[in-house]
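Engineer: structural data only, the sequence is not supplied:
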């Protein structure tokens with residue numbers, strides 16, 4: 001099993017997504033996901049995929065968009081850019 005660590009920087013914020021990547025079809029694909037509120041950019045061009053059995057952790061400071069990202073993935077909010085496929 002190959003472990004990939006994705007790191008995306010947005011302004012002074014950092015998001016770390018640790019994904020155990022297997023050679024299976026993705027159950028969740030996030031491509032070029034971006035969201036901002038007014039002038040505040042929460043995240044920009046986030047990409048990752050999750051397959052069966054993968055474990056995922058979303059770690060970042062308070063107020064940096066973790067909940068907003070999860071709401072977009074759940075379909076409760078819309079991104080400014082990008083797409084989520086389940």
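Structural biologist: Thanks, I have the structure now. All of these numbers come straight from a predicted model, not from anything done at the bench. Residues are numbered from 1 along each chain as shown.

Engineer: pretty sure residue 56 is touching residue 50, no?
Structural biologist: Yes: under the criterion of C-beta atoms under 8 Å, residue 56 is in contact with residue 50, at a separation of 5.7 Å. Where C-beta positions appear, they are placed from N, C-alpha and C, glycine not excepted.

Engineer: give the closest residue to the residue nearest in space to the middle of the chain in space, chain neighbours not counted.
Structural biologist: The central residue of the chain, meaning the one whose C-alpha is nearest the mean C-alpha position (C-alpha atoms, centre = their mean), is residue 46 at 5.2 Å. Nearest residue to residue 46, sequence neighbours excluded (C-beta to C-beta, 6 or more residues apart in numbering): residue 33, at 4.4 Å.

Engineer: show me what the strand or helix carrying the one you found pairs with in its sheet, parallel or antiparallel.
Structural biologist: Residue 33 is located in strand 26-37, with elements delineated by DSSP states H and E. Next to strand 26-37 in the sheet, as set by DSSP bridges, lie strand 40-51 (antiparallel), strand 81-85 (antiparallel).
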